[in-house]
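Enquirer: Compute the structure for the input listed below.
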Amino acid sequence: MARVLVVMMPAEGHINPSLGLIKELIESGDEVVYCCTEKYRTKIEALGAQFKAYSFSEATLLNNPNMKPFEIKHPYQFLYMILKKIIQRFIPDVLNLIEKETYDYLIFDSLIGWGGQILGEKLGIPTICSTSTFVFVEPLGSGSHNLKDDNEEVQELYNRIMEMSKQLAAQFNVAVPSLKDLSGHSGQLKIVYTSRYFQPMGDKLDDSFVFTGPSIIPRKDAPAFAYESLRAMYKQAVYISMGTILNRDLDLYKLCFAAFRDLPVQFILASGKDTDLEPIADLIPDNFIIRPYLPQLEVLQHVDAFLTHTGMNSASEALYYHVPLIMLPLTSDQPHVASRVQELGAGVIVDKNNLTPEVLRTAVLEVLGNDSYREHAGVIGNTLHDAGGYKRAAAAIKDFLGNRPLSAKTSSSLE
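Expert: Residues are numbered from 1 along each chain as shown. Predicted coordinates for the structure are as follows:
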């Protein structure tokens with residue numbers, strides 16, 4: 001039996017893909033210690049894992065403008081954010097949390113980046129990266145960035161990155177990383193929750209990247225919902241959700257109400273647990289069902305299309321169930337995910353900068369009225385099914401570890 005340290009960022013789209021893998025590892029006999037924020041304790045402990053809460057709070061992600069998702073104009077912006085906003089604040093907290101403890105291997109969130117390598121080196125154990133987004137064969141932002149390398153702002157960012165990496169290396173007593181180390185994919189093994197087919201330029205990635213498809217398991221915290229209501233009045237149904245971080249835009253909801261109120265379609269909107277809809281309550285059309293939180297995996301099996309921000313987790317779950325997408329990518333990697341879905345014919349993109357009721361209505365009618373979108377969603381979905389899911393991920397980890405000696409029997413470098 002191995003003792004596993006799992007360190008994840010506090011976001012549903014990063015945690016949910018890991019749940020099936022963790023459950024499978026525990027059932028195989030591994031002891032799992034899962035580090036995240038207190039908010040996720042119940043969900044993790046329900047799997048049978050031990051839970052440790054770190055103080056790097058979800059509020060840091062939601063309320064700090066520098067931590068909110070943003071449009072990447074140059075790869076250095078992303079690197080600097082990881083160094084300053086995550087590694088500098090996050091890694092010391094985790095190291096304090098596991099002081100004098102020993103583990104046999106580490107599974108860490110891809111958003112931690114070089115920080116995962118630091119944790120692995122300090123513990124002296126193999127490292128496995130949990131990747132809930134596309135792998136960026138080219139650095140994030142490099143394909144369409146507006147800032148050139150000789151730009152003054154870019155040069156300043158580069159200098160900050162180099163200086164901060166030196167400071168952090170000294171703080172953690174590890175080697176100073178190169179720019180390649182910082183921008184590359186950390187982890188000796190990378191578990192990627194998609195298929196190699198769906199992954200852009202997937203053929204360029206070596207065998208250290210294991211594509212397992214989305215980790216689909218029932219979510220015990222999902223509320224009940226009467227699915228027969230989706231077909232009670234109309235033949236078609238459309239699900240709307242902007243995820244768990246970007247779901248408080250009342251102006252967007254008003255646009256949806258105006259766009260769809262006269263369509264003979266049932267719309268079901270997940271508005272978010274903390275979203276106050278009272279200011280727009282009088283505008284809600286009769287063909288809308290609105291709930292703060294919905295069992296997304298189950299809802300997707302009963303709808304004809306999905307209007308989404310195109311977060312990787314949401315997009316993958318929809319495609320897994322052959323649901324085509326109307327995509328409103330807003331920040332971070334969402335434009336890349338949306339571009340790939342559109343390239344493969346499984347959905348259409350609406351421009352956030354040219355958003356009107358007419359634009360939304362036209363996009364929804366296009367997807368609902370053209371069977372090719374569902375057919376192409378099915379092609380992608382079949383590759384996601386065939387990738388093997390969390391059982392394939394667990395098997396890949398066991399194969400990777402092979403006959404490695406268990407480091408829990410040796411002295412940890414944290415002592």
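Enquirer: any low-confidence regions in the stretch 151-300 of the chain?
Expert: Residue ranges of the stretch 151-300 of the chain with pLDDT under 70: 219-222, 244-248.
Enquirer: Just the helices from it, written as ranges.
Expert: Here the stretch 151-300 of the chain has its helices, by DSSP state H, counting those that start in this stretch, at 152-172, 179-183, 250-260, 296-300.
Enquirer: Reformat those helices into CSV and put mean neighbour count and distance to K235 next to each item.
Expert: C-betas here are computed from N, CA, C, even on glycine. Output for the helices of the stretch 151-300 of the chain, formatted as CSV (neighbours: other Cβ atoms under 10 Å; distance: least, Cβ to Cβ, whole Å):
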stretch, mean neighbour count, distance to K235
helix 152-172, 15, 52
helix 179-183, 16, 49
helix 250-260, 18, 15
helix 296-300, 20, 17
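Enquirer: in the protein, which residue is closest to the centre?
Expert: G13 (3.6 Å; Cα atoms, centre = their mean).
Enquirer: Pull the helix or strand hosting that one out as CSV, backbone CA atoms only.
Expert: Element membership for G13 (DSSP states H and E) is helix 12-27. Extracted C-alpha coordinates of helix 12-27, given in CSV (Å, rounded to 0.1, in the frame of the first residue of the first chain):
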residue,chain,number,x,y,z
GLU,A,12,-14.7,22.6,-9.1
GLY,A,13,-13.2,22.2,-12.6
HIS,A,14,-9.9,21.0,-11.1
ILE,A,15,-11.2,18.9,-8.3
ASN,A,16,-14.1,17.1,-10.0
PRO,A,17,-11.9,15.4,-12.6
SER,A,18,-9.7,14.0,-9.8
LEU,A,19,-12.5,12.3,-7.8
GLY,A,20,-12.8,9.1,-9.8
LEU,A,21,-9.1,8.6,-9.8
ILE,A,22,-8.8,9.1,-6.0
LYS,A,23,-11.7,6.7,-5.4
GLU,A,24,-10.0,4.1,-7.6
LEU,A,25,-6.7,4.5,-5.9
ILE,A,26,-8.3,4.1,-2.5
GLU,A,27,-10.1,1.0,-3.6
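Enquirer: So which bits of it are buried?
Expert: Using 16 or more other Cβ atoms under 10 Å as the test for burial, helix 12-27 gives 12-26.
Enquirer: what's in contact with the following helix or strand past that helix?
Expert: Next along the chain after helix 12-27, taking DSSP H and E as the criterion, comes strand 31-36. Applying Cβ atoms under 8 Å, 6 or more residues apart in numbering, the external contacts of strand 31-36 come out as 1-10, 15, 22, 25-26, 44, 47-54, 94, 97-98, 101, 103.
Enquirer: V323 versus A377, what's the distance?
Expert: Going from A377 to V323 by Cβ to Cβ, to the nearest Å gives 6 Å.
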